[in-house]
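K.L.:
Take this sequence and fold it.
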Amino acid sequence: MSQFISVFDMLKIGVGPSSSHTLGPWRATQQWIKKLKNETIFNDITHIHIDLYGSLSLTGKGHATDLAILLGLSGTDPEYIPIDTIEGIISTIKETSTLQLDGTKNVPYTDTTVVFNRDFLPFHSNGMTFIAYKNETTISTETYYSIGGGFVIQEEILKPEKTKISKKNFPYPIKRATKLEEYCEKENKLISEIVFQNELVLRSAEEIDRELHRIWDTMLECMYTGCHTDGILPGGLQVKRRALAMHNKLIKDAKYTNYHNWIDAIRTTEVKFREILKWVSCFALSVNEVNASLGRVVTAPTNGSAGVIPSVLMYYLVIENHEADFEHIKRFLLVAGEIGSIFKKNATISAAMGGCQAEIGVSSAMAAGALTELLGGSPAQCLVAAEIAMEHHLGLTCDPIGGLVQIPCIERNAMGAIKAINAAELALDTDPKETKVPLDKVIDTMWETAKDMNRNYKETSEGGLAVTVGLADC
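P.N.:
Presented below is the predicted three-dimensional model:
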């Protein structure tokens with residue numbers, strides 16, 4: 001049976017700016033606290049220490065990794081924490097030199113509680129070690145790895161004797177794109193229909209719809225917030241938010257009162273080709289400006305690439321099909337999630353492992369395939385679209401200036417969204433039988449490229465724009 005990765009694993013609600021450097025460490029912290037309680041040593045703790053390694057250390061400050069860990073240790077959840085309380089929680093910890101573990105147990109906090117180490121652990125570049133003490137005795141040492149998209153693992157659980165095999169019988173176990181296409185042809189079903197049947201093994205139809213509604217609502221609110229917020233992004237680069245100014249020029253005199261009827265307002269505006277490009281870019285920028293300011297976004301498949309999928313879906317709703325409803329949104333998200341899971345199973349969605357091709361490239365492929373289904377493409381054409389989008393992101397490096405998810409990350413989401421739309425249009429005019437590069441082959445190529453890529457270009461801020469431009473130049 002192939003490993004099953006749910007759509008809800010690929011599309012997670014959380015806090016920016018990074019799924020691997022913010023959301024992952026936050027989740028790892030929650031796992032550690034749960035383990036401490038299960039082993040009944042939580043109440044014995046007198047003080048703690050956390051070591052961050054590799055990419056988590058090199059770009060952790062810019063990605064708010066230390067803040068995410070403090071928030072996780074405090075007992076908050078990234079999916080539900082009120083965003084406006086984050087600053088207050090962090091300030092209280094630092095001002096009182098006290099950390100309230102899981103909101104119940106006070107332990108001391110100092111500037112050396114969380115330490116950034118430049119060394120890389122051998123298993124994965126995003127490593128972190130949590131240590132708990134009872135007086136001078138170590139009572140817990142656990143190492144976790146944030147492997148991209150908010151996924152967190154421990155090396156120990158990957159050992160054959162520790163591996164747990166799912167007992168679920170999924171009707172369509174999928175590892176490779178060829179298998180997905182085979183199921184679609186055999187069953188005469190769309191990709192979204194195949195994915196939905198697999199999801200039904202884990203959840204009821206009502207729960208699937210409810211969670212997809214919640215994911216889209218979060219995406220929509222995020223775009224709306226970004227399009228209605230001015231100012232300078234935090235972090236020291238002095239990057240000015242652009243989505244608001246773009247939005248105000250594009251929306252013209254359309255009237256609306258909230259983010260739900262905002263879509264209808266946009267539909268009423270006269271849109272020309274250049275404005276379509278600007279709208280898509282505006283949607284993408286808005287999401288990633290929210291992400292860069294510790295706002296709530298949806299990993300798609302990561303936080304750094306969170307703007308591509310919502311902006312392409314929004315493009316379909318406000319430009320392509322004014323009659324679109326939730327069923328269209330549902331199909332889009334199901335297809336996007338499945339394509340992303342195939343990349344994760346066979347390559348990576350972590351920029352620390354594969355460069356930005358693993359984030360923007362994958363998100364563009366996800367959006368391209370999903371849009372193609374909504375535009376009437378066959379399952380085979382959806383996979384062609386995903387292949388085209390990734391093919392033209394191969395080798396894309398991750399070189400954030402100052403370790404911040406701002407330059408070039410925010411603009412890259414706009415570029416990834418435009419490429420996704422273009423890829424969908426090309427695929428709709430393509431006979432899949434004549435394509436020379438199948439999706440599985442481009443995924444394999446992406447992984448080989450990732451392994452060959454110099455470590456400096458994998459989210460370390462030690463290569464590319466992060467060096468030639470640099471924080472001092474900004």
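
K.L.:
how about residue 226, phi and psi?
P.N.:
phi -60, psi -30 (degrees, to the nearest 10).

K.L.:
what residues are up against it?
P.N.:
Counting by C-beta atoms under 8 Å, 6 or more residues apart in numbering, residue 226 makes contact with 241, 243-244, 285-290, 295. Every residue, glycine included, has its C-beta placed from N, CA and C.

K.L.:
Residue 339 now?
P.N.:
177, 365-366, 369-370, 382-383, 386.

K.L.:
go on, residue 453?
P.N.:
Taking C-beta under 8 Å, 6+ apart, one finds 354-355, 395, 397 in contact with residue 453.

K.L.:
Equivalent analysis for residue 277, please.
P.N.:
Listed by C-beta under 8 Å, 6+ apart, the contact set of residue 277 reads residue 418.

K.L.:
And residue 200, by the same measure?
P.N.:
residue 208.

K.L.:
swap in residue 375?
P.N.:
Counting by C-beta under 8 Å, 6+ apart, residue 375 touches 316, 320, 424, 428.

K.L.:
was I right about the first one contacting residue 332?
P.N.:
Yes: the pair formed by residue 316 and residue 332 meets the contact definition of C-beta atoms under 8 Å, at 7.1 Å.

K.L.:
between those two, which one's more packed in?
P.N.:
Taking neighbours as other C-beta atoms under 10 Å, residue 316 and residue 332 compare with residue 332 leading, 27 against 20.

K.L.:
Quickly list what's touching both of residue 316 and residue 332.
P.N.:
Taking C-beta under 8 Å, 6+ apart as the contact rule, residue 316 and residue 332 both touch 371, 374.

K.L.:
In the stretch 151-300 of the chain, where is pLDDT below threshold?
P.N.:
156-167 (pLDDT under 70).

K.L.:
now the end-to-end length of stretch 314-329.
P.N.:
End-to-end distance for stretch 314-329, by C-alpha to C-alpha, to the nearest Å: 9 Å.

K.L.:
so how far is it from its chain's centroid?
P.N.:
Relative to its chain's centre, stretch 314-329 lies at 23 Å (C-alpha atoms, centre = their mean, to the nearest Å).

K.L.:
Show residues contacting it.
P.N.:
209, 212-213, 216, 220, 223, 263, 266-267, 271, 276, 279-280, 283, 313, 332, 371, 374-375, 417, 421.

K.L.:
switch to 6 Å and redo it
P.N.:
216, 263, 266-267, 276, 280, 283, 374 (C-beta atoms under 6 Å, 6 or more residues apart in numbering).

K.L.:
who wins for neighbours among those?
P.N.:
Of the contacts of stretch 314-329, with other C-beta under 10 Å as the count, residue 283 tops at 32 neighbours.

K.L.:
Just give the closest residue to that one, not the sequence neighbours.
P.N.:
residue 311 (3.6 Å; C-beta to C-beta, 6 or more residues apart in numbering).

K.L.:
okay but the one you found is in contact with residue 285, surely?
P.N.:
No: assessed by C-beta atoms under 6 Å, residue 311 is found out of contact with residue 285, at 8.6 Å.

K.L.:
So which of those two has more stuff around it?
P.N.:
Set residue 311 next to residue 285 and count neighbours by other C-beta under 10 Å: residue 311 wins out with 29 against 26.

K.L.:
Looks like residue 144 contacts residue 128 (just checking).
P.N.:
Yes: under the criterion of C-beta under 6 Å, residue 144 makes contact with residue 128 at 5.5 Å.

K.L.:
Those two: who's more crowded?
P.N.:
Using other C-beta under 10 Å, the more surrounded residue of residue 144 and residue 128 is residue 128, with 28 against 22.

K.L.:
dump the residue contacts of the more buried one.
P.N.:
Taking C-beta under 6 Å, 6+ apart, one finds 25, 52, 56, 144 in contact with residue 128.

K.L.:
Give me the phi and psi for it.
P.N.:
According to degrees, to the nearest 10, residue 128 has phi -150, psi 140.

K.L.:
mind listing the strands for the protein?
P.N.:
Assigned by DSSP state E, the strands in the chain fall at 13-15, 47-52, 98-101, 105-108, 114-116, 127-134, 137-148, 151-153, 296-298.

K.L.:
how about JSON lines for the ones you listed, with distance to residue 86 added?
P.N.:
Formatted as JSON lines, those follow (distance: least, C-beta to C-beta, whole Å):
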{"stretch": "strand 13-15", "distance to residue 86": "8"}
{"stretch": "strand 47-52", "distance to residue 86": "19"}
{"stretch": "strand 98-101", "distance to residue 86": "15"}
{"stretch": "strand 105-108", "distance to residue 86": "20"}
{"stretch": "strand 114-116", "distance to residue 86": "16"}
{"stretch": "strand 127-134", "distance to residue 86": "20"}
{"stretch": "strand 137-148", "distance to residue 86": "19"}
{"stretch": "strand 151-153", "distance to residue 86": "20"}
{"stretch": "strand 296-298", "distance to residue 86": "10"}
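
K.L.:
so how far is residue 434 from the spatially most central residue of the chain?
P.N.:
Closest to where the C-alpha atoms of the chain average out (C-alpha atoms, centre = their mean) is residue 302, at 1.4 Å. Shown here: residue 302 relative to residue 434, a distance of 33 Å by C-beta to C-beta, to the nearest Å.

K.L.:
Next: residue 369.
P.N.:
According to C-beta to C-beta, residue 369 and residue 434 sit 18 Å apart.

K.L.:
and these two? which has more neighbours close in?
P.N.:
Neighbour tally, residue 369 and residue 434, criterion other C-beta under 10 Å: the higher count belongs to residue 369, 34 against 7.
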